[in-house]
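**Student:** fold the stuff below for me.
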Amino acid sequence: MPATRPLPSPYETPVVTITEAAEILGLSAASAHRSVRSGLIPSVRVSDRRIVIPVAGLYELLGIPMPAHPDIAATA
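**Tutor:** Predicted coordinates for the structure are as follows:
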């Protein structure tokens, strides 16, 4: 399944849902949920029923360098 959503900036969108991460990674929602449960996709449980995926973790998972922070890039 091809990716249907671009990888957002971690500074504008620090976390995404499991469904959004599945779209970014080109996975089915079920595969993304399994990958979160197994620890392949980094996640944070924020309540009994809600798990979010740090966008910075997706950059690391995909081996993509983090973009420069916009405030730092503007002053450089």
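**Student:** spatially central residue for the protein, please.
**Tutor:** Central residue of the chain (Cα atoms, centre = their mean): Val55, 3.4 Å from the mean position.
**Student:** give me the nearest residue to that residue, chain neighbours excluded.
**Tutor:** Pro10 (4.1 Å; Cβ to Cβ, 6 or more residues apart in numbering). Any C-beta I mention is one placed from the backbone N, CA and C, and that applies to glycine too.
**Student:** cool, Val16 as well?
**Tutor:** Of all residues not flanking Val16 in the chain, Ile53 sits nearest, at 5.2 Å (Cβ to Cβ, 6+ apart).
**Student:** by mean pLDDT, point me to the weakest helix or strand of the chain.
**Tutor:** Least confident helix or strand, the chain: helix 70-75 with a mean of 70, by mean pLDDT, DSSP states H and E.
**Student:** which strand of this structure spans the most residues?
**Tutor:** Taking DSSP state E as the criterion, the chain has its longest strand at strand 51-54.
**Student:** quick revisit: enumerate every residue touching the residue nearest to Val16.
**Tutor:** Taking Cβ atoms under 8 Å, 6 or more residues apart in numbering, we find Ile53 in contact with 15-18, 20-21, 36, 41-44.
**Student:** and the gap between Ser31 and Ala21?
**Tutor:** Distance from Ser31 to Ala21, counting by Cβ to Cβ, to the nearest Å: 10 Å.
**Student:** nothing else from me, thank you.
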